[in-house]
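Asks: Got a predicted structure plus its sequence, pasted below:
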Amino acid sequence: MTSIGRFALRSETLSNPSVPTLFIALSGDSKNMINSTSQETPTLAGMNTTANGLAGKAGMTVPEFSQTFISRDVHRLHPRYLSRVSKSDDRYFESIVESSDDDIAPLSQVMKNHVYETLHTSVYRKDLARRIEQLLMTPMEVQKKLWEVQISTGPLGSSGAIGQNLLPDLLSSGKDIESILLFRFHHALGDAASFAAACSDLFDETLQIKSMIKNELQKRKYRKKKRGILMRLFAFIQRLMWLLFGTMHGLAYHGYLLLTTRTNPFLQIIPQSAKKEQGIGRSVSWGNIAPIAEVKRVARIIGGDRRVTINDVFVSCVSAAVARQLAEHRERYASDDSDKHDGLYNNFNVVIPVHLTGGIILPGREIGNLLGAFVAKVPGEDCQQQTFPLSASERLIRVHESLDKMKRSPMPFLSHFLAGIVSRWLPKTWASEILQKSSANSSFVVTNARGFTKKVHINGRTVESMAGFIPLPPGIPIGVVVQSYGSDITISVSGERYCIPDADKFMQWILDEYKLLCEEASMKETMLSTKSL
């Protein structure tokens, strides 16, 4: 097991299981035969498979998913999928398939223990949200399995997984059915970015995707080789200096955040009685926010010469939504203990996970954990309530400046290394406490997942949307995933129910802030055009 996987296993609690969850929404019927990446397509015993690869006028089924999984060699490319945590030593995995490669009958039984059919959702969005909330809060028996998927099929658009803006075009093209693949897996298996990348082996375009990655890596390798010996030596010295001084600065900054942020704003404002009343649970929401091109345009106009990123834009939007959520709690609980609500929080701390290989699985590697993280300070709630509040653009610029310093530092790599030390050398009882303390009482965590630029397919069915939900680390009440897929940006929110009673309202606040950025970007663009004339 990787050091991060073991750290996740040791640091999780009953109320904070380390179980990421995601759904993949498919539209239409299966049109094509199952394409195998190997020369032979095995037949699963006892699964009633058909000669045409289970194609037909129906949604995705358990037998079809299982055969696709095996025929495309996912279990061979990533053996961890058919593994469990060893009962004798939690540093290792052990196979749960006790057979040779030629005898795949036991493999069919293994797949039945991982893949289930469920009733399709009956109440738009609410049923799917409840299922996700339940999966996020249900610990996995890692000594039996490390992942599972629930499959359901129903009328197109009935679950809410596919955005309503897509439905008219889909219906006009003759698609009237949707299939929802609802995954969850333990972080010991791998990080969310690696898991999503490994899911690409299920897609019809898997060979093209791998070819694109291979070509890009070869280009980078070629550019690196073109540099002369002196240039490479200079780059090595420069990187060494970056590692030395960047580590010193990063640790000093993190220590400053630890010393100056003594409590989490939500834990300070919300009374203990309110937390007990809400109980342990999650509140989730998701939705398509905007086209990628539009977000890039907003970032470019507002940022100017600065390299403002898509992630910067939405960390800024989430921080504004956190401010509005705290304001709502202040108003609701002010009469309970008014002395707690005098001062506003000028800044929030945010945790930003970073995938060390850019969210891809390098050739020759299987699914695993290559995550690091850093903590940064972003503008807080006073930006909306002081006499001269910050505009949405000013908030974004401050967020960019704070995040840019840390993501260019060695802190993501250092955090990955330190987590390995904790998981290997320190007692298990310390891991959760260390994880909570190291977040510097952050109010939220935001992670970015870069998806495919074009829509992909599984057996001819189009993957219309995907959304992942981050498991909340101990002590952090809000988690947000910013994901690109096709031409759109999707955001998902998961929060402690006492912190975010209504995740849909929180999502709307994120969208409100984004709309303000769009308006201010348009005004700035108009002003620049006027000056140029």
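Replies: Received it, and whenever you're ready, just let me know what you need.
Asks: which residues of the stretch 351-500 of the chain score low on pLDDT?
Replies: Using pLDDT under 70 as the threshold, the predicted model of the stretch 351-500 of the chain has low-confidence ranges 363-364, 382-388.
Asks: Okay, strands next: where are they in it?
Replies: With strands called from DSSP state E, counting those that start in this stretch, the stretch 351-500 of the chain shows them at 371-379, 444-450, 457-458, 461-469, 478-485, 488-496.
Asks: ok, residues contacting the fifth one?
Replies: Defining contact as CB atoms under 8 Å, 6 or more residues apart in numbering, one finds that strand 478-485 is touched by 192, 292, 310-311, 314, 318, 322, 443-452, 455, 463, 465-472, 489-496, 499-500. Quick note: C-beta positions are derived from backbone N, CA and C, even for glycine.
Asks: How about stretch 454-468, which residues are buried there?
Replies: With burial defined by 16 or more other CB atoms under 10 Å, the residues of stretch 454-468 counted as buried are 455-468.
Asks: Repeat that for stretch 84-92.
Replies: Across stretch 84-92, burial judged by 16+ other CB under 10 Å covers 84-85, 90.
Asks: Can you give me the first-to-last residue distance of it?
Replies: For stretch 84-92, the first-to-last residue distance is 9 Å (CA to CA, to the nearest Å).
Asks: For that stretch, which outside residues touch it?
Replies: With CB under 8 Å, 6+ apart as the test, stretch 84-92 has contacts from 1, 6, 9-10, 93-94, 96, 142-146, 188.
Asks: so how far is it off the chain centroid?
Replies: Put simply, stretch 84-92 sits 26 Å off its chain's centre (CA atoms, centre = their mean, to the nearest Å).
Asks: do the same with stretch 308-319
Replies: Mean C-alpha position of stretch 308-319 versus that of the full chain (CA atoms, centre = their mean) differs by 15 Å.
Asks: what does that stretch rub up against?
Replies: Contact partners of stretch 308-319, identified using CB under 8 Å, 6+ apart, comprise 289, 292, 295-296, 298-300, 302-303, 348, 350, 352, 378-380, 392, 395-397, 399-400, 403-404, 444, 446, 448, 478, 480, 482, 484, 489, 491, 510-511, 513-514, 517.
Asks: model confidence over it, on average?
Replies: Per-residue pLDDT values across stretch 308-319 average out to 96.
Asks: Next, count neighbours for Thr357.
Replies: 13 (other CB atoms under 10 Å).
Asks: mind checking how far it is from His120?
Replies: Thr357 sits 37 Å away from His120, going by CB to CB, to the nearest Å.
Asks: which outside residues touch the strand or helix carrying Leu136?
Replies: Under the criterion of DSSP states H and E, Leu136 resides in helix 126-137. Outside helix 126-137, the residues that touch it by CB under 8 Å, 6+ apart are 15, 17, 19, 21, 23, 118, 121, 150, 159-161, 180, 182, 184, 280-285, 469, 471-472, 494, 503.
Asks: List the buried residues in the helix or strand harbouring Tyr222.
Replies: Secondary structure here is read from DSSP H and E; on that basis Tyr222 sits in helix 206-226. Residues of helix 206-226 classed as buried: 206, 209-210, 213 (neighbour count, 16+ other CB under 10 Å).
Asks: what do you get for stretch 134-154?
Replies: Using 16+ other CB under 10 Å as the burial criterion, the residues of stretch 134-154 that qualify are 135-137, 140, 142, 145-154.
Asks: Now, these that are in helices?
Replies: The helices in this structure, assigned by DSSP state H, contain 135-137 from the buried residues of stretch 134-154.
Asks: buried ones in the helix ranked longest in the chain?
Replies: Residue-count comparison of every helix in the chain, with assignments taken from DSSP H, identifies helix 229-260 as the longest. Residues of helix 229-260 classed as buried: 246, 250, 253-254, 257-258 (neighbour count, 16+ other CB under 10 Å).
Asks: Just name the closest of those residues to His114, please.
Replies: His254 (39.2 Å; CB to CB).
Asks: domain parsing for the chain?
Replies: The chain breaks down by automatic domain parsing into domains covering 3-211, 225-357+369-458+470-532.
Asks: Among these, show the one with the smallest mean pLDDT.
Replies: Taking the average pLDDT of each of the domains of the chain, the minimum falls on domain 3-211, with a mean of 81.
Asks: End to end on that one, go ahead and measure it.
Replies: One end of domain 3-211 to the other measures 30 Å (CA to CA).
Asks: Now do it: distance to the chain's middle.
Replies: For domain 3-211 - counting by CA atoms, centre = their mean - the centre lies 16 Å from the chain centre.
Asks: Can you add distance to Leu426 and give the ones in helices among the buried residues of stretch 134-154 back as JSON lines?
Replies: As requested, these are exported to JSON lines (distance: CB to CB, whole Å):
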{"residue": "Leu135", "distance to Leu426": "30"}
{"residue": "Leu136", "distance to Leu426": "27"}
{"residue": "Met137", "distance to Leu426": "27"}
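Asks: For Phe444, which residues count as its bridge partners?
Replies: Val350 (DSSP bridges).
Asks: That one reaches Val350, doesn't it?
Replies: Yes: using CB atoms under 8 Å, Phe444 makes contact with Val350 at a distance of 5.7 Å.
Asks: what packs against the longest helix of the chain?
Replies: Applying 3 or more CB pairs under 8 Å, 6 or more residues apart in numbering; DSSP states H and E, we find helix 229-260 packed against strand 371-379, helix 392-407, helix 411-425.
Asks: contact partners of the first one?
Replies: With contacts defined as CB under 8 Å, 6+ apart, strand 371-379 is touched by 4, 191, 193, 250, 254, 257, 315-316, 319, 346-356, 390, 395, 398-399, 402-403, 405-407, 409, 411-416, 438-440, 442.
Asks: Count the neighbours of the residue lying closest to Phe452 once chain neighbours are set aside for me.
Replies: Spatially, and ignoring its direct neighbours in sequence, Phe452 is nearest to Tyr485 (6.3 Å; CB to CB, 6 or more residues apart in numbering). Summarising burial for Tyr485: neighbours were counted as other CB under 10 Å, giving 23.
Asks: Bridge partners for Tyr485, pull those for me.
Replies: If you apply DSSP bridges, the partners that Tyr485 bridges to are Asp488.
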